[in-house]
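Student: how would this look folded up:
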Amino acid sequence: DYISVSEIADIWVDDVPMYDGDYLKDDAVETTKTKPADNYAYYNNGVLTLHNFSCEGIGHLYDNKNGYAAIYAVDVLEIVLEGTSTVVATHNTYDPHGITGADSVTISGDGTLKLQADKYGISSVSGNVTVESGTLNVTAGSDGIHSAAGAVIDNGTVTFKVDGNGIYSGTAAAINGGTVVIDAKADGIHSVGDATISGGTLDIIAKGNGIYSNNNATIEDGNMTIKAAKDGVYAGSEVTFIGGNASVTGGQNGLNAVSTVNINSSGLVVKSDSAVRDAYCAIASGGFKLGKDLTLRASEETNGILDKYVDENRNSYDYIKVEKTPVIWVGGIGLYEGDYLKQGTSSATATNPGDNYAYYSNNKLTLINYSNSPVWYQMEADILFKYEDYRENGTGISAKITSDKAGTNVVAATAWSELAAATA
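Tutor: Below you'll find the predicted structure:
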């Protein structure tokens, strides 16, 4: 006799469909048009207001492939925070998201949101994720923000403690202001496109990279501290520091650019904490362009060599050493703690070759039936590198060569003379 056609809900909150003008009280299973005194969610014209609202559970099944979300919108969604709200998306079998939008998701207001999710904290299927204001505390089993498009933080205070990336962007990621604290088991910020920091305060602790960009990573302003197990800042193209203050520590490389590293900020400190031989304070396949002083610090067993350097006047140099522990160079080959160098070979090894070798340990070089030249020793601590001093005045090298065996002082004297001639 008739066909019933139900209106499709714009948004689901705690698996309850909501339409324009709807209120949803904590723990309620249906909406009302009457405004509660407190503890409610209110939806109207694409804007969801969370007013001291709390919900917990698996949420709404919005896609058989992508799963569940505690809050899901079929279109553009804006969330306004009032008071303190809590959203928990959890399940024993499934991994629900906290907040998911089929299009863009924007969060604003002067309230606080405590968000816990088994998978993504805040995600978009096709649009941007933007935080304009408010206080967000996000705990997630995967990414804190996972955006199919851009990820932007304009202001507010955002804290991530996540098992994935702090912020993942499918196009470009930007921190324009506010305070952002990231504790991530993957990358702090992972962008398929550019990653730009133009203001605010950013504090990253990451088990992966601090900032990872498939294209350009640019720091224009703000205050930034990065401690990463892998690279502090990695870019598939250029790493650029224009202004602001940044302390970057990488467990592998401090800065790593496939193209160039451009430094025009005097407030940058870069450090590598790796004991890996091929780890660097900063490395760039396309060279370095430094317009300001750059502080580079290496850990006790880090090579800390810039492969290429080009200053603002296009003067280029093969390398600049920034080393903390003593390094012995034998025939132009650097030896590190526990290294053996077989005569006639071009690289060191950790294996004793048996005869005709040089061995370095505990600041001591041992020569066993070995002959080569020159041999020198160099030690530098934390330094402030100034390209003007390096270019115009040069850098002196001091050395002390001693021997435990009689009759080899002539070798030491020869090495001294070669060293003096090289550094004259």
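Student: Gly134 and Asp154 touch, don't they?
Tutor: No: Gly134 is beyond contact range of Asp154, at 10.7 Å (criterion: CB atoms under 8 Å). In short, each C-beta sits where N, CA and C put it, glycine included.
Student: higher neighbour count, those two?
Tutor: Gly134 (22 against 18; other CB atoms under 10 Å).
Student: What residues does the more buried one make contact with?
Tutor: Residues in contact with Gly134 (CB atoms under 8 Å, 6 or more residues apart in numbering) are Leu81, Ile107, Ser108, Gly109, Asp110, Gly111, Thr112, Leu113, Gly156, Thr157.
Student: With distance to Leu268 and neighbour count as extra columns, can I get the residues you listed in TSV?
Tutor: Formatted as TSV, those follow (distance: CB to CB, whole Å; neighbours: other CB atoms under 10 Å):
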residue	distance to Leu268	neighbour count
Leu81	35	23
Ile107	31	26
Ser108	32	18
Gly109	35	21
Asp110	34	12
Gly111	36	22
Thr112	33	19
Leu113	34	25
Gly156	26	22
Thr157	25	18
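Student: roughly how far apart are the closest residue to Thr349 other than its chain neighbours and Ser346?
Tutor: Nearest residue to Thr349, sequence neighbours excluded (CB to CB, 6 or more residues apart in numbering): Tyr340, at 5.4 Å. Taking CB to CB, to the nearest Å as the measure, Tyr340 falls 13 Å from Ser346.
Student: Comparing those two, which residue is more hemmed in?
Tutor: Neighbour count, other CB under 10 Å: between Tyr340 and Ser346, Tyr340 has more, with 20 against 9.
Student: ok, the more buried one touching Asn356?
Tutor: No: Tyr340 is beyond contact range of Asn356, at 10.5 Å (criterion: CB under 8 Å).
Student: model confidence over stretch 33-50, on average?
Tutor: What stretch 33-50 shows for mean pLDDT is 96.
Student: again with stretch 86-102
Tutor: Mean predicted lDDT for stretch 86-102 stands at 93.
Student: buried stuff in it?
Tutor: Using 16 or more other CB atoms under 10 Å as the burial criterion, the residues of stretch 86-102 that qualify are 86-90, 95-102.
Student: Let's see which of the residues you listed end up in strands.
Tutor: Thr86, Val87, Val88, Ala89, His97, Gly98, Ile99, Thr100, Gly101 (DSSP state E).
Student: and which of those residues is nearest to Ala73?
Tutor: Gly101 (4.7 Å; CB to CB).
Student: Please report how far the closest one lies from Gly200.
Tutor: 24 Å.
Student: Kindly report the same for Gly338.
Tutor: Applying CB to CB to Gly338 and Gly200 gives a distance of 44 Å.
Student: repeat for Ser124
Tutor: 22 Å.
Student: Which of those two has more residues huddled nearby?
Tutor: Neighbour count, other CB under 10 Å: between Ser124 and Gly200, Ser124 has more, with 27 against 22.
Student: Hmm, the more buried one is touching Ala149, no?
Tutor: Yes: with contact defined as CB under 8 Å, Ser124 and Ala149 form a contacting pair (6.5 Å).
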